[in-house]
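# Below: sequence and its predicted model.
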Amino acid sequence: MAPWSKLKAALRPSSPHSKDPEVIQLPEVIQLPRLNPIFPADGLKGDTTVDIIAVHGIETISPRTWTEHERDTEPRGLSFNWLKDADMLPSVVKGARIWAFDYNSNYSHGAQIVKFDGLAVALLNFMGDRRDDFESRKIIFIGSCFGGIVVAEALVIAFRDAERKKAVFDQTAGVIFLGSPLRGTKTATFAGWKNFVFGILGPDQESSNTLIDDLKLNSSRLENLVAEFGKLTMRSQTQAGIEIRCFYETRKTQVLNAISRKLPFNSKEILIVDKVSACLDCHEHIPLDVRHAKMNKYRGPEDPNFKLVSDRVKDIVDMVRADRSLTGHEKKCMQALSFQYQDQKDVNPKRVEGTCEWFLQHEKFLAWSQDTTKNILWVTAGPGCGKSVLSKALVDEGLLHAKNPDTKTASICYYFFKDDAERGSGINALRSILHQLFRQKPWLIKCAIPDYEIHGPNFSFTTLWDILIKAASDANAGPIVCLFDALDECEPSNRKSLINHISSFHRDSNTSTPKLKFILTSRPYNELSIEFKVDDLPSIQLDGNEMSEYIGREVDLVITSEISHIGSSRRPPLDNETQHSLIQHLKTYNNRTYLWVYLMLQEISRSLESTERRLTRLIKTIPRSVNEAYENILQRATDPIQAQRVLRLILAAERPLTLEEMNIALEIVDMEENDEQCTSRSDRKLALDRTEAFQKKIEDFCGLFVSIVDQKIYLIHQTAKEFLTSNNGILNSWSPLRWKNTFANEVSHLEASKAFDRKANVDVDSKDIQYGRTPLSWAALNKHEAVVKLLVEKGAKVDAKDEMCGQTPLSLAAESGNKAVAKLLLEMGAKVDAKDKYGRTPLSLVAWSGQHQAIAKLLLEKGAEVDAKNENGRTPLSWAVVNGQEAVAELLLGKGAEVDAKDENGRTPLSWAVVNGKEAVSKLLLGKGAEVDAKDGNGRTPLSWAVANGKEAVMKLLLEKGANVDAREGNGRTPLSWAVENRKEAVVKLLLEKGAKVDAKYGNGRTLLFLAAAKGQEAIAKLLLDKGAEVDAKDTNGRTPLSYAAANGHKAVEQLLLRRGALVVEDI
């Protein structure tokens, strides 16, 4: 057959009975589109929390699109439909209903003339027609290939719809994208070519390019869709957002065979949908080791790709079910604790199978894992030894349970510190730990609510730690493991606090928290040993440096595995002899570390050499140390000046910069340094590279020295920062051949800010995705006065509010304690009383922190309202006293603050001060005339609050100032009742000495002796009896204290009451 004939035959549509059909021939009985129940087929009996809707891609239909077989060749063997088979997705997300949306997705035969927005509307209409099936339930969409675009468009349309379609958006909890070409695909062009040929072969084929026209690279429709969809689904502090998981292929497909598998020749291999197109910024990106056609097909429940996908679906289902159990107030508390902690873990590589065994087999890990009395394990090892890879494996692979199956129910919570202001924060670490814990066990959120009601979203380190201990002490908490990686990269003051708290926990731990455990990793620094008081932990300290021989063996496993992978991925592949030679040469180097091997393997992978002789020569020239490797990498920079700029900006940044941010910064710095070439500043326009091209530039500039993950730019390792910077103040002079210690440790933030100067058409008020903050907000928060001045001069909005809490730059500057920046902003017109989303003014925030009296004074001098109330009616004075900030409280009172200002619950500043036992500010308030017996909305006095919280010092102060010892609340309770209920023997004794009525009655006519008897409090019962409590008092049901003691099995109290003359009646 002639080549043209072969091509013609290959492209001709298959018959309905073809063994290898290329186009789905739709039986007449199937009506499309349709929304079809997949599991269970007859509808779920009873209620469910989640509906899962799967949407297929181009040129396919259910169930074929979701079905895989045992073999790719005949006989195909068993088939697996992962949406329907009871042992696959239905078993992973039990109780969820699964649906499939089917539509005519053909473009080459029997095609309909419709674009993806038309299909999106069809999906919404079908859901609307069956709204009773979906009403009140959360929805998770699974979009396969083109189906993901249909889902994204449907959600955008639903969001715009003010009526019933909007409910679909509101009910959507998550979207799983399986290889969706969100930014287009090269194959769309080839598909159009196929239709062109079909038109030549026969005009009756009913082909259409309508669907595929918008799938081409650089499609403006897709760019607009991705931009809008990204904004709508982004998680924020005030709105839960939509969980997004993006899967992308890692194996290439022969491009023409993707169009027709019967072509008589091979064609170029490409990724049908590459990672850039398949993934959305700021969401999880997960690779699948398959070609595009297999992204949505899995060979049974043990298929590793099925596990990856189904686990992510389950994660979202679990979140939905956790959220459904939370009240609106509890959800706000969860949002206040949220922080993007997962990226810091995922930036680390996955361990090679067989590695980390040195740790898992170590006797001290086994002891820690299996012995409930061993609650801390500290792992130390030098740089580059794989600590973070180990930590990632412990979390992701369940290795913490490997030696103790009983811990499989444990809540695993983690935080990976990084050496910058945001990711090195101990407060963010504890927020992340608690957020994960409450996600896994939502009922524990109750432990955080009281502090959230007091502090709002501004939790202090100590408050967060106390919440963790309280949650771990809950009877239903179960085992909890907290992993802190790279503790040495935590901000020093926060690190000291964290170590002190963990050490105290270890020394003071008791039976109330036996199941709370910690794993910590760090470098073996002496200062950490001193802070940790290592002598207190002799049996559980594990020093990874002692295991160098074992680590060396595991590094060899990595060498063997990675050389094999590099060899097989080459075209042509490296032969076995060459691979073996490379492995042996690398193993000859002494002092091999994971980091060094990673750098060397990347060198080999990027090399174009393919023969054994040339690769061996390459190995012989590779550096013998990490620092030497770093020097070599940077010496090969294609543009050393640009490389230096990139590295300086990375070092200056308070957080990882995105590709877009770096793109703008480099372009403007370049314009600045070439100022003489510009005829007019107003004529300047930014000439930005496309994201993909700019990423390639960064890789060319800096080579392996940086890594780019989820479009954020990182230094490859903490040692890279240490290589560049000088800690002793002595800098080497920089040249393209000399990089070590050529950057000052404190890089000039003003220099980095040049990226905003002479900005031409740059939007100086653009907001970042995570926090919704403008550059001015970030500069104010991070105390960069010169940058603030520059931005305001360039037109930045001085009162722009962020999306997280609605704070202005002034609010952020005041809270972070920078008087100079706050003063500058006020001089430039900032509103002194601008309120955030919680109604707090800058003065309220300063009052709460209490560390910045000078700023409080400045704000008051500039006219700040001294009694401005937040959304709960609390004044700055109320915020100051709750944390015991005496100096700020005195300043506020001196400026006329109302000493008895009540909030919406009727509580006064004195009421808040005594709750936390703040004696000095309580004395100050009383000295300024605070009403000692002011009652709140429930009738509780400050004394009642002090007693309930066990604050003896302030309680004595209140009594000295004449507090009514028997003040009754609305429900009849007295301060003494709180002391009895909370088992405060000393407080009970004090109140009785001050004349508290021993037989005061409250609920159901019971006296306090009833309460002591029912709780088995012998000592307190004796105190009450000694003060004349009636031993046979009866409640409204005729029962006596003896009745309650006997019914609850409190023998000691029962005997005490009998000795004091209690009558025995027959109903006991």
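Yep, that arrived. No experiment lies behind these values; they were computed from the predicted model shown. Residues are numbered from 1 along each chain as shown.

# Ignoring the adjacent residues along the chain, who's closest to Met179?
In this structure residue 179 is Gly, not Met. Distances taken as Cβ to Cβ, 6 or more residues apart in numbering place Met295 nearest to Gly179, at 4.0 Å, with adjacent residues excluded. Backbone N, C-alpha and C define where each C-beta goes, glycine included.

# Let me know the next secondary structure element after the one helix or strand Glu330 maps to.
According to DSSP states H and E, Glu330 maps onto helix 328-337. Using DSSP H and E, the helix or strand that follows helix 328-337 in sequence is helix 342-346.

# how distant is that following helix from the center of its chain?
8 Å (Cα atoms, centre = their mean, to the nearest Å).

# so what secondary structure elements neighbour the helix or strand that it is followed by?
Downstream of helix 342-346, the next assigned helix or strand under DSSP H and E is helix 357-360. Packing partners of helix 357-360 (3 or more Cβ pairs under 8 Å, 6 or more residues apart in numbering; DSSP states H and E): helix 548-569.

# what about the stretch 951-1068 of the chain, any weak spots by pLDDT?
Scanning the stretch 951-1068 of the chain for pLDDT under 70 picks out the ranges 1065-1068.

# Actually, the stretch 651-800 of the chain.
Using pLDDT under 70, the stretch 651-800 of the chain drops low at 654, 671-687, 726-731, 744-764, 768-770.

# mind redoing it with 90?
Low-confidence segments of the stretch 651-800 of the chain (pLDDT under 90): 651-796.

# mind listing what's buried in the helix holding Glu330?
By neighbour count on 16 or more other Cβ atoms under 10 Å, the buried set for helix 328-337 is Glu330, Lys332, Cys333, Met334, Gln335, Ala336, Leu337.

# Just name the closest of these to Gln436, please.
Leu337 (9.3 Å; Cβ to Cβ).

# check contacts around that closest one.
Listed by Cβ atoms under 8 Å, 6 or more residues apart in numbering, the contact partners of Leu337 are Arg431, Ser432, Leu434, His435, Phe438, Ala448, Phe459.

# Go again with 10 Å.
237, 428, 430-439, 445, 448, 452, 457, 459, 464, 467 (Cβ atoms under 10 Å, 6 or more residues apart in numbering).

# Mind telling me what element the closest residue in space to it that isn't next to it in sequence is part of?
Nearest non-adjacent residue to Leu337, counting by Cβ to Cβ, 6+ apart: His435, 4.3 Å away. Here His435, judged by DSSP H and E, is contained in helix 426-440.

# For that helix, name the packing helices and strands.
helix 304-324, helix 328-337, helix 342-346, strand 411-416, helix 461-472, strand 480-485, helix 492-508 (3 or more Cβ pairs under 10 Å, 6 or more residues apart in numbering; DSSP states H and E).

# Between strand 480-485 and that helix, find me the angle.
140 degrees (axes from the mean of the first three to the mean of the last three Cα atoms, to 10 degrees).

# Helix 426-440: how far from the chain's middle?
9 Å.

# again with stretch 978-993
44 Å.

# One more: stretch 379-398?
The answer for stretch 379-398 is 19 Å, by Cα atoms, centre = their mean.

# One more: stretch 181-188?
29 Å.

# Could you tell me the average pLDDT over it, please?
Mean pLDDT, stretch 181-188: 85.

# give me the number of residues near the residue nearest to Leu337?
For His435, the neighbour count with other Cβ atoms under 10 Å is 20.

# how near is the nearest residue to Leu288 once chain neighbours are set aside to Ile286?
Using Cβ to Cβ, 6+ apart and skipping the chain neighbours, the partner closest in space to Leu288 is Asn305 (4.9 Å). According to Cβ to Cβ, to the nearest Å, Asn305 and Ile286 sit 10 Å apart.

# One more: Thr808?
38 Å.

# the more surrounded of the two?
Thr808 (26 against 19).

# how is this structure carved up into domains?
9-324, 328-538, 550-622, 635-756 (automatic domain parsing).

# Give the rounded mean pLDDT of the third one.
For domain 550-622, the per-residue pLDDT values average out at 72.

# mind listing the strands for the stretch 101-250 of the chain?
Using DSSP state E, counting those that start in this stretch, the strands found in the stretch 101-250 of the chain span residues 138-144, 172-178, 243-249.

# Only C-alpha atoms, please: export stretch 444-457 in PDB.
Once non-C-alpha atoms are left out, stretch 444-457 reads as follows in PDB (Å, rounded to 0.1, in the frame of the first residue of the first chain):
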ATOM      1  CA  LEU A 444     -10.900  19.300  69.600                       C
ATOM      2  CA  ILE A 445     -11.500  22.800  68.200                       C
ATOM      3  CA  LYS A 446     -13.400  23.500  71.400                       C
ATOM      4  CA  CYS A 447     -10.000  23.700  73.100                       C
ATOM      5  CA  ALA A 448      -9.100  26.800  71.100                       C
ATOM      6  CA  ILE A 449     -12.500  28.700  71.200                       C
ATOM      7  CA  PRO A 450     -12.100  30.400  74.600                       C
ATOM      8  CA  ASP A 451      -8.700  31.900  73.500                       C
ATOM      9  CA  TYR A 452     -10.100  32.800  70.100                       C
ATOM     10  CA  GLU A 453     -12.900  34.700  71.800                       C
ATOM     11  CA  ILE A 454     -10.400  36.600  73.800                       C
ATOM     12  CA  HIS A 455      -7.600  37.200  71.300                       C
ATOM     13  CA  GLY A 456      -9.300  36.900  67.900                       C
ATOM     14  CA  PRO A 457      -6.900  35.800  65.200                       C
END
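
# Can you point out the buried residues in that stretch?
Neighbour counts over stretch 444-457 (16+ other Cβ under 10 Å) mark Leu444, Ile445, Cys447, Ala448, Asp451, Tyr452, Ile454, His455, Gly456, Pro457 as buried.

# Filter those residues down to the ones in helices?
Applying DSSP state H to the buried residues of stretch 444-457, the entries found in helices are Asp451, Tyr452, Ile454, His455.

# Output those as TSV; include the columns distance to Asp936.
Below are these laid out as TSV (distance: Cβ to Cβ, whole Å):
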residue	distance to Asp936
Asp451	18
Tyr452	18
Ile454	14
His455	18
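
# So which of these is the closest to Val998?
Distances from Val998 to these, taken by Cβ to Cβ, are shortest for Ile454, at 32.6 Å.

# Tell me how far the closest residue in space to the closest one that isn't next to it in sequence lies from Ala410.
Taking Cβ to Cβ, 6+ apart as the measure, Ile454 lies nearest to Val882, with 5.9 Å between them; neighbours along the chain are not counted. Separation of Val882 from Ala410 (Cβ to Cβ): 35 Å.

# These two - which one has more neighbours?
A direct count of neighbours by other Cβ under 10 Å for Val882 and Ala410 places Val882 higher, at 24 against 18.

# and that one, what is it in contact with?
Counting by Cβ under 10 Å, 6+ apart, Val882 makes contact with 454-455, 847-848, 850, 874, 889, 909, 911-916, 918, 921.

# quick one: least confident of the residues you listed?
Minimum pLDDT across these falls on Gly850, with 62.

# can you list residues touching both of Asn305 and Ile286?
Taking Cβ under 10 Å, 6+ apart as the criterion, Asn305 and Ile286 both touch Leu178, Phe247.

# My guess is Phe146 contacts Ile58. True?
Yes: taking contacts as Cβ atoms under 10 Å, Phe146 lies within contact range of Ile58: 4.6 Å.

# quick one: Ala1062 from Ala1033, how far?
For Ala1062 relative to Ala1033 (Cβ to Cβ), the value is 10 Å.
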